[in-house]
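Asks: Generate coordinates for the sequence data below:
(one chain, ligands or ions: 2)
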Amino acid sequence: MTHSYRLSTHSPEETQAVAKKLAAQLSAGDVLAMIGNLASGKTTFTQGLTSHYEVTEYALSPTFTYINEYHGKELDIIHIDAYRLNTGEELISMGIWEYYESNSIIIIEWADIVASAIPEDAFGLSFRAIEGEESGREILINSPRKLDL
Ligand SMILES: Nc1ncnc2c1ncn2[C@@H]1O[C@H](COP(=O)(O)OP(=O)(O)O)[C@@H](O)[C@H]1O
Ligand SMILES: [Mg+2]
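Replies: Ligands and ions are numbered 1, 2, ... in the order given. From the prediction side, this is the model:
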């Protein structure tokens, strides 16, 4: 069963606060599949998540490197940007299954592009700008588990 949560945020800090709250409820092996246009807040959310795990590096969009690895206090976070990929097969050939089995938290931006390589029990996070509100974002979270958000 999927549990759905719809949140509105009004600043990057508020988006990061939502991410930190989610991060506290994640476990090793969880996969977060993010969709949403450019500048909708996917990387900002990731920064909130890495800060929960006390990652010292600043999370940057891995659009040019595809994959960034962050070493957090309790576990590693693998941050993938699929913007420049074309199919799930490409992600598989980059070794995504090893990451899924690595007991890290896996975050994938532009998950819709690589949908065939996303596990069925992944968290789905969808980001959208709120019309008429420059710093307004709507975040829809579909979770395989009940969450407190
Ligand atoms: N409520 C908000 N949540 C997240 N980002 C916001 C918000 N309001 C404004 N922003 C700005 O929007 C941009 C989001 O960019 P980013 O997180 O890189 O998006 P994406 O990774 O989806 O392309 C940043 O410049 C951020 O400061
Ligand atoms: Mg990004």
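Asks: who's in contact with the residue nearest to residue 146 when sequence neighbours are not counted?
Replies: Once flanking residues are discounted, residue 146 sits nearest to residue 3: 5.2 Å by Cβ to Cβ, 6 or more residues apart in numbering. C-beta: built from backbone N, CA, C; applies to glycine. By Cβ atoms under 8 Å, 6 or more residues apart in numbering, the contact set of residue 3 is 142, 143, 144, 145, 146, 147.
Asks: which residues touch the residue lying closest to residue 76 once chain neighbours are set aside?
Replies: Spatial nearest neighbour of residue 76, excluding adjacent residues (Cβ to Cβ, 6+ apart): residue 104 at 4.2 Å. By Cβ under 8 Å, 6+ apart, the contact set of residue 104 is 28, 29, 69, 75, 76, 77, 78.
Asks: Quick check: the gap between residue 104 and residue 77.
Replies: According to Cβ to Cβ, to the nearest Å, residue 104 and residue 77 sit 6 Å apart.
Asks: any shared contact partners between these two?
Replies: Jointly contacting residue 104 and residue 77 under the rule Cβ under 8 Å, 6+ apart are residue 69.
Asks: Test of understanding: give the bridge partners of the closest residue in space to residue 40 that isn't next to it in sequence.
Replies: Using Cβ to Cβ, 6+ apart and skipping residues adjacent in sequence, the residue nearest residue 40 is residue 127, 3.7 Å away. Applying DSSP bridges to residue 127 gives these bridge partners: residue 139.
Asks: Would you agree residue 127 is in contact with residue 45?
Replies: Yes - using Cβ atoms under 8 Å, residue 127 is in contact with residue 45, at 7.2 Å.
Asks: so what's residue 31 up against?
Replies: 100, 105, 106, 108, 118, 119, 121, 122, 123.
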